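Novice: Coordinates only, no sequence provided:
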C-alpha cells in the first residue's frame, strides 16, 4: 500500500465543478477516503465523477494528466480539473518503484508519446499504433507494469473482448497478490470487478459507499441480461 487515503482540503468552491459532485462532498464531510486493500475499484454510472477523481489523484501524485509515468510530459489540451490542488494524499513511508496512469480516452496520445520517446520496443512492437486499442492497452499492462508499482487505471476494459478482459483480470490479480502492487481502477466491467479481495467503492449522487461484487450495477445488469435476454429486450423496447 503506497496510498492509504485522500482528504479534501480548503479552500473549495462548492458551486464550481467538480466540487459540487456528491463524491467530493462525501469525502470532505467524512474527512477521509481510505484505501485499505491492494486493489480498489471505483464503480458507478457515467458522470458520477470516477474519472475526475482518478485524474486528480494521478496529477497530485506527480503523474501526467493525460496518462503515462511521471516522465511523460506531453499535453494536447489541458482539460483536467483543479481538484488535485485540494487533494491531500495520505501515503505510507514506502515509495513505489514504478507508477503509471492508464486512461482509455487518451490511449492514442500515450501510444504516440511512447513512439516519440523510442520506447515502443519495450512493448514488443515497432509502434503501439500497430495494435488495436484493446491490444495496446493490454500490452502496456503486461509489458510495463511490474512489482512494487502504483498504478491508476481508467476504464482499462475499453476495446477489450471478454476473453482479453479475463486476461487483464489475471494480470491485475498477479500484480496485486504476488508483485506487491497497488491499483486504483475505475471500471464498468463485471469481469474486472470480480478480482478477489478487491474493495469496490460505489460512487453515486448519494456519495461513496463500499459494496460487494454482487451489489454492483455492472453485475446485476449483466446477470439479468444473460439470464433472460428476451425478457430484457422486451423491457427495453
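Specialist: Arrived safely, thanks for sending. These numbers come from a predicted model, not from an experiment.
Novice: you'd agree residue 162 is up against residue 190?
Specialist: No. Using CB atoms under 8 Å, residue 162 is not in contact with residue 190, being 9.8 Å away. In short, each C-beta sits where N, CA and C put it, glycine included.
Novice: neighbour count winner among the two?
Specialist: residue 190 (21 against 11; other CB atoms under 10 Å).
Novice: Name the SS class of the more buried one, please.
Specialist: Secondary structure for residue 190, judged by DSSP: H, G, I helix; E, B strand; the rest coil, is coil.
Novice: check contacts around it.
Specialist: Neighbour list for residue 190: 216, 218-219, 222-223 [criterion: CB atoms under 8 Å, 6 or more residues apart in numbering].
Novice: run the last query once more with 7 Å
Specialist: By CB atoms under 7 Å, 6 or more residues apart in numbering, the contact list for residue 190 reads 218-219, 222.
Novice: Of those residues, which count as buried by neighbour count?
Specialist: 218-219, 222 (16 or more other CB atoms under 10 Å).
Novice: Which other helices and strands does the least confident helix or strand in the chain by mean pLDDT contact?
Specialist: When each helix and strand of the chain is scored by mean pLDDT, DSSP states H and E, helix 107-116 comes last, with a mean of 84. Other helices and strands packing on helix 107-116, by 3 or more CB pairs under 7 Å, 6 or more residues apart in numbering; DSSP states H and E, are helix 133-143.
Novice: How far off centre is the helix ranked longest in the chain?
Specialist: Counting residues, the longest helix found in the chain (DSSP state H) is helix 162-178. Counting by CA atoms, centre = their mean, to the nearest Å, helix 162-178 is centred 14 Å from the centre of its parent chain.
Novice: Partner strands of the helix or strand following it, with direction?
Specialist: Once the chain leaves helix 162-178, the next helix or strand it forms, by DSSP states H and E, is strand 182-186. If you go by DSSP bridges, strand 182-186 pairs up with strand 39-43 (parallel), strand 149-154 (parallel).
Novice: Give me the below-cutoff pLDDT ranges for this protein.
Specialist: When residues are selected by pLDDT under 70, those of the chain lie in 11-12, 73-80.
Novice: can you do 80?
Specialist: 10-17, 70-81, 93, 122-124 (pLDDT under 80).
Novice: Which parts of it are helices?
Specialist: Using DSSP H, helices in the chain cover 22-30, 50-60, 107-116, 133-143, 162-178, 217-227, 229-236.
Novice: Can you say which of the ones you listed is packed in most?
Specialist: helix 50-60 (a mean of 23; mean count of other CB atoms under 10 Å).
Novice: what packs against it?
Specialist: strand 39-43, strand 87-91, strand 149-154, strand 182-186.
Novice: Please produce JSON lines containing those strands, extended by distance to residue 21 and mean neighbour count.
Specialist: As requested, those are exported to JSON lines (distance: least, CB to CB, whole Å; neighbours: other CB atoms under 10 Å):
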{"stretch": "strand 39-43", "distance to residue 21": "13", "mean neighbour count": "23"}
{"stretch": "strand 87-91", "distance to residue 21": "14", "mean neighbour count": "15"}
{"stretch": "strand 149-154", "distance to residue 21": "16", "mean neighbour count": "24"}
{"stretch": "strand 182-186", "distance to residue 21": "14", "mean neighbour count": "24"}
